[in-house]
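K.L.:
sequence? don't have it. structure:
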Ligand SMILES: [Zn+2]
Ligand SMILES: [Zn+2]
């Protein structure tokens, strides 16, 4: 008798179809995860609407938290986990042996890449269970698996990915030091995570910016996540606001906006001479109104691109979430089942009703 598990397959844009797939056998080196929750980010709604086009069909979901239902002996030793443990699964696989993996850059692993990322790999490739919109996710031998501290529930734990990104982009990449003035552009879950990460690293002053009424609630929440100043750039000039509050400009600017062409100009204008600008948001266009390339020269700025998370940041994120120092549990959040996730993704894409700061999908049987 073959036992099946329920998944959602994105067969084409906006077509999430419920399917039953057989549960695979587990050997010494791999594992099977019973999914409890999967976080949703901008990538999820862009895959759903077809703005990102990875090649269909696949099981989406790359911010997965669940319980190890079966784990091979060698995998358990390698990941330092056991059956029944709650874990978070990184989107990238990593061989651990190539030059990139050994130098702490698993995102550039030579044996893995975009084609076998969780939440993207094709459902036709056995065993098909490559994403988190599912009752079970298969964990291949080169998975990166992180134990979830017992104090964390699975829904809040799905923030391991955005908070890991916030820690890497706002602290590790720009080498943020105690006392630094940090400006974060974008007040979504990644922006609030970046603010909390900067504050946790000892930043002396943290500003968060947003734009327009859609960001009102997010900017209102920003002080709870370490922001000393929250600015709606549609109402107030962020450079003037930062100068008025601190007497100067930012040591570190972190841009986590999405589709905000003016953000690059603002980021450069907000940085002090000799400062660092981390570009972690994509504009979706080559137009950058208000951007002065000469300012980079005259101020001798460092501009750094940042994409994705590494294992140190993920571990630090899980610890910070478990510490409950910041109210991540109370973020504006919508938890969808399989029947509601299409509507949630539509809302998150800005095509429907109001979008939550944090969206999560929970498979059948794992509902609270
Ligand atoms: Zn994501
Ligand atoms: Zn590798």
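P.N.:
Perfect, thanks for sending it. On a predicted model such as this, the values are computed, not experimentally measured, just so you know. Ligands and ions are numbered 1, 2, ... in the order given.

K.L.:
gap between stretch 43-61 and the chain center?
P.N.:
Distance, stretch centre to chain centre, for stretch 43-61: 16 Å (C-alpha atoms, centre = their mean, to the nearest Å).

K.L.:
do stretch 346-353 as well
P.N.:
So, by C-alpha atoms, centre = their mean, the centroid of stretch 346-353 is 19 Å from its chain's centroid.

K.L.:
contacts for the helix or strand of the chain with the lowest mean pLDDT, please.
P.N.:
In the chain, no helix or strand scores lower on mean pLDDT, DSSP states H and E than helix 99-102, which sits at a mean of 92. Here helix 99-102 makes contact (C-beta atoms under 8 Å, 6 or more residues apart in numbering) with 94, 95, 96, 106, 107, 108, 109, 110. From N, CA and C alone the C-beta is placed, and that goes for glycine too.

K.L.:
quick one: strands adjacent to whichever helix or strand comes after it?
P.N.:
The C-terminal neighbour of helix 99-102 among helices and strands, as given by DSSP states H and E, is strand 136-139. Strand 136-139 has its sheet partners listed here by DSSP bridges as strand 31-40 (antiparallel).

K.L.:
out of the contacts of helix 99-102, who's the most crowded?
P.N.:
Of all those, residue 106 has the most neighbours under the rule other C-beta atoms under 10 Å, reaching 23 neighbours.

K.L.:
report whether stretch 105-124 contacts ligand 2.
P.N.:
Yes - counting by C-beta under 5 Å from the ion, contacts between stretch 105-124 and ligand 2 involve residue 109.

K.L.:
what's the nearest residue to whatever residue of the stretch 151-300 of the chain ends up closest to ligand 1 if we skip its chain neighbours?
P.N.:
Of all residues in the stretch 151-300 of the chain, residue 161 sits closest to ligand 1, with a separation of 5.6 Å (C-beta to the ion). Leaving aside its chain neighbours, residue 161 sits nearest to residue 63 (4.3 Å; criterion: C-beta to C-beta, 6 or more residues apart in numbering).

K.L.:
the one you found against residue 160, yeah?
P.N.:
Yes - counting by C-beta atoms under 8 Å, residue 63 touches residue 160, with 7.3 Å between them.

K.L.:
could you report the neighbour count for the residue nearest to residue 161?
P.N.:
Under the criterion other C-beta under 10 Å, the count of neighbours that residue 63 has is 27.

K.L.:
list the contacts of residue 226.
P.N.:
If you count contacts by C-beta under 8 Å, 6+ apart, then residue 226 has 195, 196, 198, 199, 200, 203, 206, 326 around it.

K.L.:
if you set the cut-off to 7 Å instead, what comes out?
P.N.:
Residues counted as contacts of residue 226 (C-beta atoms under 7 Å, 6 or more residues apart in numbering) are 195, 196, 198, 199, 206, 326.

K.L.:
on that earlier part again, and the residue of the stretch 151-300 of the chain closest to ligand 1, how many neighbours?
P.N.:
Counted with other C-beta under 10 Å, the burial measure for residue 161 works out to 27 neighbours.
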